[in-house]
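Student: from the sequence below, what's the structure:
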Amino acid sequence: MTMTSREISRLVAIFATILLIQIAVVPHFRIGGYIVDLPLVVVVLVSLYLTPPNGALVGFIVGFAVDLVLHTPFGMTALTFSIAGYVAGSISRQLAERNIFTRSLTVALLAATATSLFAAIGALIGLEYVTRRELGAIALVTAGSAPLLTVLLAPLVRWAFPLETVQIHE
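Tutor: Residues are numbered from 1 along each chain as shown. Coordinates of the predicted model:
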C-alpha cells in the first residue's frame with residue numbers, strides 16, 4: 001500500500017499529539033511506578049496497517065523524535081521502534097482487520113517484546129540501568145495497558161487510513 005499525502009499528514013498529526021501527551025501528561029499517571037510507552041503502542045498499532053518497510057520507516061521517525069527527549073543513547077529508541085514497526089507490518093495482512101480483541105493482544109505482545117528488545121540492545125552496548133529486574137514490570141505495564149489503548153486509539157487509526165485505502169476482509 002502506498003500512503004497518500006493525506007494519510008501522511010494525518011499520521012504526522014497523530015504522532016505529534018501522542019508525543020506531546022507522552023511528555024506532558026503520561027508521566028503523571030504511573031502504573032505500579034512505571035509509565036506507559038504510548039508512542040511505542042501507537043507505532044505498533046499504526047504499523048499493523050502498513051507494509052513492513054513503511055512500518056519500519058514510521059517506527060524510525062517516531063523513535064527518532066522520542067530519542068530527542070529521552071536520556072538514552074541517541075538512536076536506541078529509533079532502532080527499537082523501527083524493528084517493532086517492521087514486525088507489525090509483516091503480520092499486518094493477517095491481523096489488521098481482525099476483531100479488536102485479536103488486534104489488542106497482538107499490539108500488547110509486540111509492545112512488550114519491543115520493550116524487552118530495548119533492554120537487550122542496552123545490555124549489548126553496556127548500559128546497566130536497562131538490565132535491572134524492573135524490565136519485567138515495565139514490559140507488563142506496557143503489555144497491560146496496550147489492549148485498552150488499542151481500543152481507544154483504533155478509531156483514530158481508522159481516521160488516518162480511510163476505508164478506501166485499507167480493504168476490509170470479513
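
Student: and the helix or strand harbouring Leu79, what does it pack against?
Tutor: Per DSSP states H and E, Leu79 falls inside helix 76-90. If you count contacts as 3 or more C-beta pairs under 8 Å, 6 or more residues apart in numbering; DSSP states H and E, helix 76-90 packs onto helix 38-47, helix 52-67, helix 100-124. Placement of C-beta: from N, CA and C, glycine included.

Student: quick check: angle from that helix to helix 38-47?
Tutor: Orientation of helix 76-90 against helix 38-47 (axes from the mean of the first three to the mean of the last three C-alpha atoms, to 10 degrees) gives an angle of 30 degrees.

Student: list the contacts of stretch 33-43.
Tutor: For stretch 33-43, contacts defined as C-beta atoms under 8 Å, 6 or more residues apart in numbering pick out 14-15, 18-19, 21-22, 26-27, 29, 55, 58-59, 62-63, 65-66, 80-81, 84-85, 88, 107, 111, 114-115, 134, 137-138, 141-142, 145-146, 149-150, 153.

Student: what mean pLDDT does that stretch get?
Tutor: The pLDDT scores in stretch 33-43 average 90.

Student: same question for stretch 53-71.
Tutor: The model assigns stretch 53-71 a mean pLDDT of 92.

Student: neighbouring contacts of that stretch?
Tutor: Here stretch 53-71 makes contact (C-beta under 8 Å, 6+ apart) with 1, 3, 11, 15, 19, 22-23, 39, 42-43, 46-47, 50, 74-90, 92.

Student: on that earlier part again, buried residues, the helix holding Leu79. List them.
Tutor: Using 16 or more other C-beta atoms under 10 Å as the burial criterion, the residues of helix 76-90 that qualify are 76-89.

Student: same thing with stretch 34-43?
Tutor: Residues of stretch 34-43 classed as buried by neighbour count (16+ other C-beta under 10 Å): 35-43.

Student: now Ile31. Its backbone dihedrals?
Tutor: phi -110, psi 110 (degrees, to the nearest 10).

Student: which residue, neighbours along the chain excluded, lies closest to it?
Tutor: Val141 (4.8 Å; C-beta to C-beta, 6 or more residues apart in numbering).

Student: tell me, how many residues neighbour that neighbour?
Tutor: 21 (other C-beta atoms under 10 Å).

Student: name the element it belongs to?
Tutor: Assigned by DSSP H and E, Val141 falls within helix 134-160.

Student: and that helix, what does it pack onto?
Tutor: Applying 3+ C-beta pairs under 8 Å, 6+ apart, one finds that helix 134-160 contacts helix 5-24, helix 38-47, helix 100-124.

Student: that's all I had, so thanks and see you.
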